[in-house]
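Trainee: Model the structure of this input:
(2 chains)
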Amino acid sequence: MRLFPGSERDPRRQNRVRRGDQVTAWLMVTPSVLLIGLFGIVPVGWSFLLSFQRNDLQTPAQWVGLRNYRQLAHDPVFTDSVRHTVVYTVLFVPLTLLLSLLVAAALNRRVRGMSVYRLAVFVPVVTSTVATGVIFSWLLDPEFGLVNAVLGKLGLPTFGFFSSPHGALFAVVAMTVWGWVGFGALIFLAGLQSVPGDLLEAAAIDGCTRLGAFWRIQVPLLRPVSAFLLVWLTINSLQLFDEVYVTTKGGPLHSTTVVVYYLYQQAFTFFHAGYAAAIACVLFVVIAIVTAIQLRLTRDANPTGAGR
Amino acid sequence: MTAGDTTPARRAGRPRTGAGVRSRRPSGWHLLLVPLALVMLVPLIWMLLTSLSTLEETRRFPPGLPSSLHWGNYRQAWAESPFAHWLLNSAIVSLTCVISNLVLCSMAGYAFARIRFAGSRLVFAAILATLMVPFQVVMIPTLLIVKHLGLVDSLPALIAPNLVTPFGIYLLRQFFLSLPVELEEAALIDGASRWRLLSRILLPLMGPPLSTVAVLTFLSVWNDFLWPLVVTSSPSTMTVQIGLATFQSAHFTNWPVLMAGTLLSQLPVLALFLAGQRYFVSSIANTGIK
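Mentor: Down below sits the predicted model:
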């Protein structure tokens, strides 16, 4: 993608440069520039500075050099939170991608009543993360929750999902997959609908089964869409917070303390804002690296360059 | 044409797509689609059913349908908390941000797309770069800035960081670039100002992208949790999401009332989604933002 298509070499554009345009243009962008500067750019540098300070958000900050980072390296709770975030991401991202693809394939049919099915799948997309957390706390309630009732009916043992240190993280995965599958399916469905029908007809004439056409033609053509989703879901799962805050508050026994939850705790429960800023900077670097790697991998795997 | 189909290729003539592959055995798909739809809807249906049950009914095993529709839970949720106030706060904050995003993003998007001015490349690149910064990274300094401005625990604190989104600028700039230059030239030669050109000629053509920005801004601000959690503390400034979280910790044993509150917090978004679902769906699909 070129960021600046139609740049100055276009003669028509040069003719249109008029006196006063400079002023007009700056008048048009100034409010946005000021706001984005104040709330988007200044805080990045400030966060970096904060990470070298001791700061309780009240009294004047104190410069401590690399101490926050050194402390971070030896903080067992931080190490745990990184591990939980990695486990969560490794489960959440592939599961959501695969389920979204299958759901999108099922929704990409001309079947009577399809709009109702699509509606059902997409509603969780607009449901807020807080509401999702509250609803799942009730569904997974150890005593009176619907899920345990169903398990009981099937003769399976009941389970205290969010109250078990061994199961809570998986319960969070299940809940967030529910919240995101509709989103993934939406994106995949948009991609599937742009696959030319002729291609599928040609494949059918050549004796390709529908399932074969799906895996050999449609899925490969979805590569740019999948790459986008992969990056997007990974970034979002590294930032997991809302659902954890609402359901488990990082517990039981820290088992769902993920990186952003720990960051929040350090900043606003313990008032270690400098330490929290160091966590934020580490998170930023990790997200940047992971994104770069994923983009590179998906680009290499896509030699035609047919990406968006 | 759905509202989100903005690419020229699609407007020129819709290519035959894989969308309409007719199944030879349509009934087979229903066997797959009905359970799928149910799995996705069960949590929401269960929320609705619980919100209409009595407390005793939720303590039954196995659980079942409510014997009668117990609307009292809604009254109780509404009466025991400033729910109306929270909803109003959310509405004020979301709508302000929607309007300001529409105005500011279209101005900036137009300038970056169509006027060559000193520093435009650098400034635009800087704006795009902020897209890559997760909010958690800038959260603490943002709080400190809001504190310096004396806005902590106020509606302006909720609004200010969301007044304009880099993504909105980017999206609208792309759309302005796709409009034919000839459209503007005639007006400019006739002596119209850039402002007039933008407001009278270009914006009326931009229903789909402007609605996309509106939908995405509304959804993200209404459903936002972390920033309101950090910056508000008194019930009178909370948004409905924060209100719901505090309501939850106060009522987690009274599931029917809690579910009624949860439904109330989602009602505006659900209603909007159902009313404009075609539009909602295509704007999210075309831009890929949750």
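Trainee: Can you get me a residue count around the closest residue to residue A:245 other than its chain neighbours?
Mentor: Leaving aside its sequence neighbours, residue A:245 sits nearest to residue A:261 (Cβ to Cβ, 6 or more residues apart in numbering or on different chains; 6.7 Å). Yep, even glycine has a C-beta here, placed from its N, CA and C like the rest. Neighbour count of residue A:261, defined by other Cβ atoms under 10 Å in any protein chain shown: 22.
Trainee: Secondary structure element holding residue A:261?
Mentor: With elements taken from DSSP states H and E, the one containing residue A:261 is helix A:259-268.
Trainee: mind listing the strands for the stretch 51-200 of chain B?
Mentor: Read by DSSP state E, counting those that start in this stretch, the stretch 51-200 of chain B holds no strands at all.
Trainee: do stretch B:273-282 and chain A meet at all?
Mentor: Yes: legend: contact between stretch B:273-282 and chain A by Cβ under 8 Å from any Cβ of the partner chain is shown at B:273, B:274, B:277, B:280, B:281, B:282.
Trainee: what would those look like in JSON lines with secondary structure?
Mentor: JSON lines is the format used below for the residues of stretch B:273-282 next to chain A (DSSP: H, G, I helix; E, B strand; the rest coil):
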{"residue": "B:273", "secondary structure": "helix"}
{"residue": "B:274", "secondary structure": "helix"}
{"residue": "B:277", "secondary structure": "helix"}
{"residue": "B:280", "secondary structure": "helix"}
{"residue": "B:281", "secondary structure": "helix"}
{"residue": "B:282", "secondary structure": "helix"}
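Trainee: I'd like to know which of those residues are buried.
Mentor: B:273, B:277, B:280, B:281, B:282 (16 or more other Cβ atoms under 10 Å in any protein chain shown).
Trainee: Wasn't residue B:202 part of a helix?
Mentor: Yes: per three-state DSSP, residue B:202 lies within a helix segment.
Trainee: Nearest residue to the middle of chain A?
Mentor: With distances taken as Cα atoms, centre = their mean, residue A:236 lies nearest the centre of chain A, 2.0 Å away.
Trainee: Report the two members of the residues of stretch B:273-282 next to chain A separated by the largest distance.
Mentor: Maximum pairwise distance among the residues of stretch B:273-282 next to chain A (Cβ to Cβ): 15.1 Å, between B:274 and B:282.
Trainee: Could you check how many residues crowd around residue A:190?
Mentor: Count around residue A:190 with other Cβ under 10 Å applied: 18.
Trainee: Which of the residues of stretch B:273-282 next to chain A sits closest to chain A?
Mentor: Nearest to chain A, judged by Cβ to the nearest Cβ, of these is residue B:273 at 4.8 Å.
Trainee: Send over the helix holding residue A:261 as PDB, restricted to the C-alpha atoms.
Mentor: Taking Å, rounded to 0.1, in the frame of the first residue of the first chain, the C-alpha atoms of helix A:259-268 are listed here in PDB:
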ATOM      1  CA  VAL A 259       0.200  -8.400  31.900                       C
ATOM      2  CA  VAL A 260      -2.200  -5.500  31.500                       C
ATOM      3  CA  TYR A 261      -4.000  -6.600  34.700                       C
ATOM      4  CA  TYR A 262      -0.700  -6.500  36.600                       C
ATOM      5  CA  LEU A 263       0.100  -3.100  35.000                       C
ATOM      6  CA  TYR A 264      -3.300  -1.800  36.200                       C
ATOM      7  CA  GLN A 265      -2.800  -3.200  39.700                       C
ATOM      8  CA  GLN A 266       0.700  -1.700  40.000                       C
ATOM      9  CA  ALA A 267      -0.400   1.700  38.800                       C
ATOM     10  CA  PHE A 268      -3.800   2.100  40.500                       C
END
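Trainee: circling back to that earlier point, separation between the residue nearest to the centre of chain A and chain B?
Mentor: Here the distance between residue A:236 and chain B works out to 7 Å (Cβ to the nearest Cβ, to the nearest Å).
Trainee: Okay, buried residues for the helix or strand where that residue lies please.
Mentor: Using DSSP H and E, the element containing residue A:236 is helix A:223-238. In terms of neighbour count (16+ other Cβ under 10 Å), helix A:223-238 has its buried residues at A:223-238.
Trainee: Residues contacting it, please?
Mentor: A:85, A:88-89, A:92-93, A:96-97, A:100-101, A:176, A:180, A:184, A:187-188, A:190-191, A:259-260, A:283, A:286-287, A:290-291, A:294-295, A:298-299, A:301-302, A:306-308, B:134, B:288, B:290 (Cβ atoms under 8 Å, 6 or more residues apart in numbering or on different chains).
Trainee: where's residue A:207 relative to residue A:198, distance?
Mentor: From residue A:207 across to residue A:198, the span is 16 Å (Cβ to Cβ, to the nearest Å).
Trainee: should've said residue B:248
Mentor: Taking Cβ to Cβ, one finds residue B:248 at 53 Å from residue A:198.
Trainee: Got the domain ranges for chain B?
Mentor: For chain B, automatic domain parsing gives the domain ranges B:30-70, B:84-286.
Trainee: Among these, which comes closest to residue A:29?
Mentor: domain B:84-286 (4.6 Å).
Trainee: Average pLDDT for that closest one, rounded please.
Mentor: Model confidence over domain B:84-286, given as mean pLDDT, is 93.
Trainee: what's the first-to-last distance across that domain?
Mentor: In domain B:84-286, first residue to last residue: 34 Å (Cα to Cα, to the nearest Å).
Trainee: Quickly list the domain ranges of chain A.
Mentor: A:11-50, A:77-306.
Trainee: Lowest average pLDDT across the ones you listed?
Mentor: In terms of mean pLDDT, the lowest-scoring of those is domain A:11-50 (a mean of 85).
Trainee: report the longest helix in the chain, please.
Mentor: Here I'm looking at chain A. helix A:76-107 (DSSP state H).
Trainee: if you could check chain B rather than the one you did, that'd help
Mentor: Of all the segments of type helix in chain B, defined by DSSP H, the longest one is helix B:83-114.
Trainee: Could you list every helix and strand that that helix packs against?
Mentor: helix A:21-36, helix B:120-130, helix B:155-159, helix B:166-178, helix B:207-223, helix B:240-251, helix B:255-275 (3 or more Cβ pairs under 8 Å, 6 or more residues apart in numbering or on different chains; DSSP states H and E).
Trainee: So which of those helices is nearest residue B:72?
Mentor: It's helix B:255-275; of the helices and strands packed on helix B:83-114, that one is closest to residue B:72 (Cβ to Cβ) at 8.7 Å.
Trainee: what comes up buried for the closest one?
Mentor: Quick answer for helix B:255-275 (16+ other Cβ under 10 Å): B:255-266, B:268-270, B:272-273.
Trainee: In this structure residue B:265 contacts residue A:128, no?
Mentor: Yes: with contact defined as Cβ atoms under 8 Å, residue B:265 reaches residue A:128; the gap is 7.0 Å.
Trainee: which neighbours do the two share?
Mentor: With Cβ under 8 Å, 6+ apart as the test, residue B:265 and residue A:128 both reach residue B:241.
Trainee: Flag every residue of the stretch 201-308 of chain A that's near chain B.
Mentor: A:210, A:218, A:228-229, A:232, A:235-236, A:238-239, A:241-242, A:245-246, A:260, A:263-264, A:267-268, A:273, A:276-277, A:280-281, A:283-284, A:287-288, A:291.
Trainee: if you set the cut-off to 6 Å instead, what comes out?
Mentor: Within the stretch 201-308 of chain A, the positions near chain B by Cβ under 6 Å from any Cβ of the partner chain are A:239, A:241, A:242, A:246, A:260, A:267, A:273, A:277, A:280, A:284.
Trainee: which one of the residues you listed is nearest residue B:95?
Mentor: residue A:242 (22.3 Å).
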